[in-house]
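J.: this is a predicted model, with the sequence first.
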Amino acid sequence: MNYEFIAVISAFIFCFVFGLLLSLHPTALVVGNHSSLHTYSRWTRWSAYVALILLVLRIDITVTDSMVPSSWMFSEWFQLVTIIIFALVLLQTLGFVDVTHGERNVQFHYWQVEQGYSSNSWMERYLQQHSGQVAGALVNYCYVLWMTWRSMWPAILMLFWYKLWAVEVNGLLSPIISRKEHMPDVVSYLIVDPHILTYTLAGFLWGHIVLHERKNIILYGNSRAFQFVLSRLIVIVGSLLWIGIAVAIVTVPVTWDSVINTLSKIR
């Protein structure tokens, strides 16, 4: 069985759909409403999209290959930090706190620009001056990411944590699976594909291209329940998962030495 192929395909589908759902976040819809991407030709939009995703994937692969499993992932202090961080993520996602004021700041920025109280950012000025070019489309994507990250930080943090654990799990379990399946004893992505940030970004920007047209923004903007359930449910479930794992490791407790000893006994 090709474990790597299954891991890559399943991770890509899940993360792409997750990114697509994030593109329906209220802040993303506000930014999409002020984006000029719909004025670009189809070839320009998709050429810039493919170029940006390939660049991000190359960077993601380089960073992932430089990461190695570490004992501090099983330390008590790391699990306590995990519990605190994702408790904050839960509160932010459920609307009990607003740490970064992302959606409010975005709406206030556009209101100031429309009223003449503030000038456009350098990205907005660049987009006005270089409309229709591939470089302009690339800047447009970067502009959407920059304007929405304050509202998306819970999802970004959850995905980053997933990536850390993906590297950890692959590094520990892949050699064992390789030996059992009589495969070369090398660390590979047999359990989970760690390039989830790239896949999620691909889904998010795809949603920006396809779903942020005027008629679609009006459609999704009128469905608050749709936005809440689809955009935030995965973040809530993921946060509960990481809190549960952290509590389990602290309670048992699970140490690096115990993990290594247990795995070394598996043939």
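T.: Arrived safely, thanks for sending.

J.: burial of residue 33, as a residue count?
T.: 14 (other CB atoms under 10 Å). (C-beta placed from N, C-alpha, C; glycine too.)

J.: do you know the pLDDT at it?
T.: Looking at residue 33, its pLDDT stands at 82.

J.: wait, it touches residue 212, no?
T.: Yes - Residue 33 lies in contact with residue 212 (CB atoms under 8 Å); the separation is 7.4 Å.

J.: next secondary structure after the host helix or strand of residue 136?
T.: Assigned by DSSP states H and E, residue 136 belongs to helix 134-180. Next helix or strand after helix 134-180 toward the C-terminus (DSSP H and E): helix 196-211.

J.: extract the residue ranges of the stretch 151-267 of the chain that are flagged as low pLDDT.
T.: 175-191, 213-231, 263-264, 266-267 (pLDDT under 70).

J.: and the next helix or strand past the helix or strand hosting residue 246?
T.: Per DSSP H and E: residue 246 is located in helix 224-251. Next along the chain after helix 224-251, taking DSSP H and E as the criterion, comes helix 256-264.

J.: using PDB, list the CA coordinates for stretch 62-77.
T.: Taking Å, rounded to 0.1, in the frame of the first residue of the first chain, the C-alpha atoms of stretch 62-77 are listed here in PDB:
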ATOM      1  CA  THR A  62      12.700  23.400   2.500                       C
ATOM      2  CA  VAL A  63      11.500  24.400   6.000                       C
ATOM      3  CA  THR A  64       9.900  20.900   6.600                       C
ATOM      4  CA  ASP A  65      13.100  19.100   5.600                       C
ATOM      5  CA  SER A  66      15.100  21.100   8.100                       C
ATOM      6  CA  MET A  67      12.800  20.200  11.000                       C
ATOM      7  CA  VAL A  68      13.600  17.200  13.100                       C
ATOM      8  CA  PRO A  69      11.700  15.400  16.000                       C
ATOM      9  CA  SER A  70      12.500  17.000  19.300                       C
ATOM     10  CA  SER A  71      12.100  15.900  22.900                       C
ATOM     11  CA  TRP A  72      10.700  19.300  24.000                       C
ATOM     12  CA  MET A  73       7.400  18.400  22.200                       C
ATOM     13  CA  PHE A  74       6.700  16.000  25.100                       C
ATOM     14  CA  SER A  75       7.900  18.300  27.800                       C
ATOM     15  CA  GLU A  76       5.400  19.600  30.500                       C
ATOM     16  CA  TRP A  77       6.100  23.200  29.800                       C
END
